[in-house]
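Novice: here you go, sequence then predicted model.
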Amino acid sequence: MKLNVLMPTNFKIAYRKEIQNYKDSLSQNNELAAWRYLERAHIIGQYYPVPHTGSHFRMFLFGIRKGDLKEIYGQFIRMVFGWIGSLFNRIPVGNTGSASVPIFAPMPIPDDLRSLLHNADTEAKGLSGFKE
């Protein structure tokens, strides 16, 4: 079994772009756009433990900023356990990472991210990850 440890360069570039867009939107007080960029960062980063946890940590801080107890609690749980699924390639493909969606539910990958995530197992009904 191959462990997902090191994020490839093309994933790093895409992930960092979404994080920068998140920061830019937040600095412009556009919280709706900021949240969407965090969700996109999660979709990209969830395959690798460190960026996966990083996206949940940012969502956790966003929940604190908004005073959203459901999001704070949901992100805390995801920060503690999510990295394990990433490491072993057992993640809900396409899941946005929000506490408002089921933690293990696969979701459609946005059209513009499909080429990056071309090896994602979108046929699985539960936890999957990259096709082997």
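Specialist: Looks like it came in fine. Residues are numbered from 1 along each chain as shown.
Novice: tell me the SS of Leu117?
Specialist: Following DSSP: H, G, I helix; E, B strand; the rest coil, the label given to Leu117 is coil.
Novice: now it, nearest residue through space, not along the chain?
Specialist: In this structure, Leu117 finds its nearest non-sequential neighbour in Ile109, 5.3 Å apart by C-beta to C-beta, 6 or more residues apart in numbering. In this view, the C-beta of every residue, glycine as well, is placed from N, C-alpha and C.
Novice: okay, the spatially most central residue of the chain and Phe60: tell me how far apart.
Specialist: The residue lying closest to the centre of the chain (C-alpha atoms, centre = their mean) is His42, at 1.4 Å. Look at His42 and Phe60: by C-beta to C-beta, to the nearest Å, they are 12 Å apart.
Novice: got it, and Tyr47?
Specialist: 20 Å.
Novice: who has more neighbours out of these two?
Specialist: Tyr47 (24 against 21; other C-beta atoms under 10 Å).
Novice: isn't that one up against Leu127?
Specialist: No. Between Tyr47 and Leu127 there is no contact under C-beta atoms under 8 Å: 12.0 Å.
Novice: which residues do these two both contact?
Specialist: Ile91 (C-beta atoms under 8 Å, 6 or more residues apart in numbering).
Novice: now do the same contact list for the residue lying closest to Gly126 once chain neighbours are set aside.
Specialist: Excluding its sequence neighbours, the residue lying closest to Gly126 (C-beta to C-beta, 6+ apart) is Phe104, at 6.5 Å. Each residue near Phe104 by C-beta under 8 Å, 6+ apart is listed here: Pro92, Asn95, Gly126, Leu127.
Novice: closest one of these to Leu117?
Specialist: Set against Leu117, the nearest of these by C-beta to C-beta is Asn95 (12.1 Å).
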